[in-house]
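Q: coords please:
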Amino acid sequence: MIATNVLTTPDAHPFHAVLVISSEASSAHEHHGRIEVFWADPTSYFLKIETPEFGQTLVVNGDKAQESDRGDFYPGWVQDFVGALLDPMARAKDLRGHPNAYSDFPAAIHYCIERDDRRNGITDDLTFAQVCYNKSLGTNLSYTLDFTHYLGVENFANFHEKSIARTYHVSTRDDTKLQGALTTLEDWKPDTTQLSITNPTAPFDRILTSFVSREPLHKSATRVIFE
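A: All right, here's what the predicted structure looks like:
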């Protein structure tokens, strides 16, 4: 079921996609942009991000990556839209093999698979995740939710054997509603020139995001510095 709505499964067709981002609030001019992906397989792709305050060109080829950034801060809402294209159900793997809650009430619009672990009576936010489907859409995804983001999807259309959303919804930390429109989705014949890496970027020179549980931090006197 998951593979049906995800473009980047191992057996998927190479594709070229463009996602155009806009804000539902006319005053939020900083929240717009464009994401373009040329994808050959899960370990070979070209990604270009353009927003007013942040830009990135990333080439991934095997175990190497070449990254060029404009700006020092990778906004969460931009990461959410990149995830919408490359891995809209990234947390689904955390639901496998666990005694997950399955919510399907007769009067409910959605049915969901979720996980919400509690350790020593405290919810571990890192384990919380929901993958939900709208009953009227059959096997098409409706939204995903975890402690880092909400991603809503709609307007599905076929692409080869898959059913892919053309409209995506996320929110910023100040609850500004944003929309991503998949304006281009087409087959792509992988171009080795575009996927070539001439100057690999070391991991410590890349902009990467990691989340850590608060529980160990509460028990430790270690000072944590975020850079």
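
Q: drop to CA atoms for contacts and neighbour counts, all remaining ones
A: Will do.

Q: Now do the closest residue to Ala165 other than its chain neighbours against Ile164, distance only.
A: Leaving out its chain neighbours, the residue that sits closest to Ala165 by C-alpha to C-alpha, 6 or more residues apart in numbering is Phe156, at 4.1 Å. Separation of Phe156 from Ile164 (C-alpha to C-alpha, to the nearest Å) stands at 5 Å.

Q: in this protein, which spans are helices?
A: Remark: helices of the chain, listed N- to C-terminal, are 76-86, 214-219; assignment by DSSP state H.

Q: Any idea which of these has the lowest pLDDT on average?
A: Set side by side, the helices of the chain give their lowest mean pLDDT on helix 214-219, at a mean of 52.

Q: Between Phe156 and Ile164, which has more neighbouring residues?
A: Neighbours were counted for Phe156 and for Ile164 using other C-alpha atoms under 10 Å; Ile164 has more, 23 against 16.

Q: which strand residues sit across from the more buried one in the sheet?
A: Beta-bridge partners of Ile164, counted by DSSP bridges, are Ala157.

Q: That one and Gly71, how far apart?
A: Distance, Ile164 to Gly71, using C-alpha to C-alpha: 31 Å.

Q: show me where pLDDT drops low in the chain?
A: Per-residue confidence for the chain (pLDDT under 70) gives these ranges: 1-2, 26-28, 89-108, 116-126, 137, 210-227.

Q: show me where it has strands.
A: 15-23, 33-41, 44-50, 55-61, 64-70, 101-103, 110-115, 118-119, 122-123, 129-134, 141-146, 150-159, 162-171, 177-187 (DSSP state E).

Q: wait, which of the ones you listed is closest to Gly76?
A: The closest approach between Gly76 and any of the strands of the chain, judged by C-alpha to C-alpha, belongs to strand 162-171 at 9.4 Å.

Q: Summarise which helices and strands the closest one is packed against.
A: Judged by 3 or more C-alpha pairs under 8 Å, 6 or more residues apart in numbering; DSSP states H and E, the packing partners of strand 162-171 are helix 76-86, strand 150-159, strand 177-187.

Q: what angle do it and strand 150-159 make?
A: Inter-element angle recorded for strand 162-171 and strand 150-159: 150 degrees (by axes from the mean of the first three to the mean of the last three C-alpha atoms, to 10 degrees).

Q: neighbouring contacts of strand 162-171?
A: For strand 162-171, contacts defined as C-alpha atoms under 8 Å, 6 or more residues apart in numbering pick out 3-7, 77, 80-81, 84, 140, 149-158, 177-183.

Q: Please apply the same query to stretch 33-44.
A: Counting contacts by C-alpha under 8 Å, 6+ apart, the residues outside stretch 33-44 that touch it are 8-10, 12-22, 45-52, 59-63, 82, 188-190, 195.

Q: PyMOL command for the buried members of the residues you listed?
A: Typed into PyMOL, the next command selects the buried ones out of the contacts of stretch 33-44 (criterion: 16 or more other C-alpha atoms under 10 Å):
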select buried, resi 8+12+13+14+15+16+17+18+19+20+21+22+45+46+47+48+49+50+51+59+60+61+82+190+195
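
Q: Nice, that's everything, thank you.
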